[in-house]
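Colleague: predicted model and sequence follow; I will ask about them next.
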Amino acid sequence: MFEVGRRERQILEAVYRLGRATVSEVRAELADAPSYSAVRTMLGLLEQKGFLRHEQDGMRYVYLPTVTRARARRSALAHVVDTFFGGSAREAMAALLELPETRMSSEEQKRIARWIARARKEGR
């Protein structure tokens, strides 16, 4: 499901931040924004891929997400795990923990331990 390019992800994130957005509003959210027509085209592609829908407001389209942010994140993560870690969640987790900028509080570590315990209990 989550086969989108870098700029499409930026546009999708802008729509999530705004909740609903026109092409001009999305462009205003993007650093080094592409042209109006390029953003409009990418919004249309995201709509074709099922991430967005639009409503007509006079002469303009207003885009809204069709997929929750949480579902989009899970889909993106599953795509990364499949692509770069051969489907291994263990390998992906190890890579995340090895990142130099990964700093976790003891509360975050406890929360992760609870998630692992719950996954074991559920047979995952």
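Modeller: That came in fine, so what should we check first? Numbers count the residues shown, from 1 in each chain.
Colleague: do you know how far residue 76 is from residue 13?
Modeller: Distance of residue 76 to residue 13, given as Cβ to Cβ, to the nearest Å: 11 Å. Backbone N, C-alpha and C define where each C-beta goes, glycine included.
Colleague: same check on residue 65?
Modeller: From residue 65 to residue 13 the distance is 10 Å (Cβ to Cβ).
Colleague: after the helix-or-strand element of the chain with minimal mean pLDDT comes which helix or strand?
Modeller: Among the helices and strands of the chain, helix 69-85 carries the lowest confidence by mean pLDDT, DSSP states H and E, at a mean of 87. Proceeding N to C from helix 69-85, the next assigned helix or strand is helix 89-98, under DSSP states H and E.
Colleague: now the angle from that following helix to helix 69-85?
Modeller: With axes from the mean of the first three to the mean of the last three Cα atoms, to 10 degrees as the basis, helix 89-98 and helix 69-85 are set at 100 degrees to each other.
Colleague: so how far is helix 89-98 from its chain's centroid?
Modeller: 19 Å (Cα atoms, centre = their mean, to the nearest Å).
Colleague: what is the burial count for residue 7?
Modeller: The number of residues packed around residue 7, counting by other Cβ atoms under 10 Å, is 15.
Colleague: I figured it was touching residue 35, is that so?
Modeller: No. Distance between residue 7 and residue 35: 11.7 Å, which falls outside the contact criterion (Cβ atoms under 8 Å).
Colleague: and the helices in the protein?
Modeller: Applying DSSP state H to the chain gives helices spanning 6-18, 23-29, 36-48, 69-85, 89-98, 106-121.
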